[in-house]
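Chemist: The sequence and its predicted three-dimensional model are supplied below.
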Amino acid sequence: MIPLIQHIKNLLRAGRNWSSGPTLLGRPVMHMNIPHAKTLAAEHGEERNNQEENPEDKANAERKCIAKIDKSASLYGPVDDFQTSGAMRVTASSSEVNKGASPTPKHRFAQGRAPTPQNCKIPGLHKEEIKVPFNIDLFDSYYLAGVIKEMVPAMTFFRDRYFPTDPKTDVFMADKVLVEYMDTADHRLAPFVVPRTGDILVSRKGYEAHEIEPPFIAPSRFLTLDDLKRRGFGEALYANSSATDRAAALQFQDLMDLDRRIARREEWMAAQTMINNGFTAISYIDDKITSEVFDIYFYDITKTNPSLYTVTEKWDDPLGDFWSDVEIICEALYERGITATDLVVGSRVGQFLTADEKLAKLLDNRRMEFGLVKPEIKSPGVTWLGNINLNGFNLDIFISHETYMDDEGTSQYYFPPKGAMVTYAGCGHMMYAKITQIEPDEEYHIFAAKRVAKFIADPDKDIRKLRLASRPLAAPIIKTPWMYAPDVLK
């Protein structure tokens, strides 16, 4: 439902996919007219000027017309909405407008002189109707790219908090992405120099740069004739919907479901990168046959993992010291030039901290502020337990108990229940490589985006397939910006 006056203004400004004809501001404009326009123009002694005008005159005419429409709307009041179906068509009887009779139900003008393109003297507008065709292909990859961009992304914790994406620098028009980082800590002192020697050169900090090819993620789903015959979830028992309407609704639901699956894989990738300082991705030819294994790690695997920390005693042991271990981890990160802000723990460790008498006694102190315990759910599967201060290191405690289903159908935790990790928000970034695919014009097209959709139709079998592809890579922005301690409980 679009107000008529606003619709005429939109017609004057737009021109996409219209038939050939005159132009406004350098854009093609559909010939348009309203049947009662001649009567109104004659009544007020106005005649159309169909002579050729230069582009500047046409631009001035358009601006004057839009101003007149605005003025007319303020004088004659609002115009009722009219319905659209397929191509929009606006017509009205001149006698109804002039005599003040009851107008037709779908398009009514306020009593008085209705604004028309003829009143504005825009050259070249002479057809007897306003007609705007809708030529949008809902299954075109470029149109779907806009749909995906407007979709509300699935909420995740590790990906969103620790691996945000900057579209300007993290989406690559290449098969590989560039991972580069440097050691932020530089504790070297300036040298003493004998005055007569002048100075001593010092070196700059070096950095590492690696080209990594992200793994390819491409879930898909079929749409068959049998799917269109079945009643959809939440649909009325005798719904008055066509096969086209049902197909569009089903495939939009499929698009959202495939996007959520990719989001869960990105969440898994982000969590594994922090836990293991990298991850192993196994690609498949089909559901069972393994094709290739990607080992992507951000340290020299022939040496010790610098992000790994082992507690001396389990925290639930009488000799265990939760405070001391976490403080040691914070100091180790500080030596690398990193100020820790987050303590992420598994579900079992979260239960231990909530019931720990030492922690409760330390926080229950009027004269010393060591933190706050106030559990609050921040995102699905993640609880913010509170805040603690360890010798100046101010840490937010997050308990992760979110699960996913692995390739074998077994429920797994994103973060180990007995694990603990210290890091800071924004310690990494999620990067994306390009997607190359054949479009209906049988040519290869390249898309640099987080998600790229593709429709594949098989007319012989009356089957349509929707595929959603992505090539993400979770990587740190500096070298080893986290430390993980496994099995901190018995």
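Modeler: Perfect, I can see it now. Residues are numbered from 1 along each chain as shown.

Chemist: Please count neighbours and contacts with C-alpha atoms only from this point.
Modeler: Will do.

Chemist: Now stretch 159-170: average pLDDT?
Modeler: Stretch 159-170 carries an average pLDDT of 95.

Chemist: Equivalent analysis for stretch 398-416, please.
Modeler: Computed over stretch 398-416, the average pLDDT equals 93.

Chemist: got the contact list for that stretch?
Modeler: Contacts of stretch 398-416 from elsewhere in the structure, counted by Cα atoms under 8 Å, 6 or more residues apart in numbering, are 264, 267-268, 271-272, 275, 342-347, 349-350, 380-386, 417, 486.

Chemist: If you count neighbours, what's buried in that stretch?
Modeler: Going by neighbour count (16 or more other Cα atoms under 10 Å), the buried part of stretch 398-416 is 398-402, 413-416.

Chemist: swap in stretch 267-286?
Modeler: 267-279, 283.

Chemist: From those, pick the one nearest Ser324.
Modeler: Ile275 (20.8 Å; Cα to Cα).

Chemist: That closest one: what's it in contact with?
Modeler: With Cα under 8 Å, 6+ apart, Ile275 has these contacts: 415, 421, 484.

Chemist: Quick check: the last one is in a strand.
Modeler: Which is Tyr484. Yes - applying DSSP: H, G, I helix; E, B strand; the rest coil, one finds Tyr484 inside a strand.

Chemist: for it, which residues make a bridge with it?
Modeler: With DSSP bridges as the criterion, Tyr484 is bridged to Leu308, Met421.

Chemist: From Val345, how far out is it?
Modeler: Distance, Tyr484 to Val345, using Cα to Cα, to the nearest Å: 10 Å.

Chemist: Common neighbours of the two, please.
Modeler: 419-421.

Chemist: got TSV for those residues, with neighbour count and distance to Glu442 too?
Modeler: Below are the shared contacts of Tyr484 and Val345 laid out as TSV (neighbours: other Cα atoms under 10 Å; distance: Cα to Cα, whole Å):
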residue	neighbour count	distance to Glu442
Gly419	21	50
Ala420	27	51
Met421	25	49
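
Chemist: what would those residues look like in TSV with distance to Ile478 and pLDDT?
Modeler: Compiled in TSV, the shared contacts of Tyr484 and Val345 are given as follows (distance: Cα to Cα, whole Å; pLDDT from 0 to 100):
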residue	distance to Ile478	pLDDT
Gly419	23	97
Ala420	20	97
Met421	17	98
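
Chemist: Just name the closest of those to Ile463, please.
Modeler: Gly419 (46.7 Å).

Chemist: Nearest residue to the closest one in space, please, no chain neighbours.
Modeler: Closest residue to Gly419 apart from its sequence neighbours, by Cα to Cα, 6 or more residues apart in numbering: Pro486 at 4.6 Å.

Chemist: who touches that neighbour in this structure?
Modeler: 309-310, 416, 418-420.

Chemist: Quick check, pLDDT for it.
Modeler: pLDDT for Pro486: 96.

Chemist: distance of it from Lys314?
Modeler: Separation of Pro486 from Lys314 (Cα to Cα): 10 Å.

Chemist: thinking again about what came up before, between Tyr484 and Val345, tell me which one has more neighbours.
Modeler: Set Tyr484 next to Val345 and count neighbours by other Cα atoms under 10 Å: Val345 wins out with 28 against 23.

Chemist: quick one: contacts for the more buried one?
Modeler: Contacts of Val345 by Cα under 8 Å, 6+ apart are 397-400, 415, 417-421.

Chemist: CSV please, covering these and showing distance to Ala145 and secondary structure.
Modeler: As requested, the contacts of Val345 are exported to CSV (distance: Cα to Cα, whole Å; DSSP: H, G, I helix; E, B strand; the rest coil):
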residue, distance to Ala145, secondary structure
Ile397, 37, strand
Phe398, 34, strand
Ile399, 35, strand
Ser400, 32, strand
Phe415, 32, coil
Pro417, 38, coil
Lys418, 41, coil
Gly419, 39, coil
Ala420, 39, strand
Met421, 37, strand
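
Chemist: Which member of those residues is positioned nearest Phe298?
Modeler: So of the contacts of Val345, ranked by how close each gets to Phe298 (Cα to Cα), first place is Met421, at 17.0 Å.

Chemist: Enumerate every residue touching the closest one.
Modeler: 275, 343-345, 482-485.

Chemist: same check, this time on Met182
Modeler: 205-208, 478-479.

Chemist: Next: Phe222.
Modeler: Listed by Cα under 8 Å, 6+ apart, the contact set of Phe222 reads 463-466.

Chemist: beta partners for it?
Modeler: Here Phe222, judged by DSSP bridges, has bridge partners Lys465.

Chemist: any chance you could map the strands in the stretch 201-350 of the chain?
Modeler: 207-212, 220-223, 278-284, 290-297, 342-346 (DSSP state E, counting those that start in this stretch).
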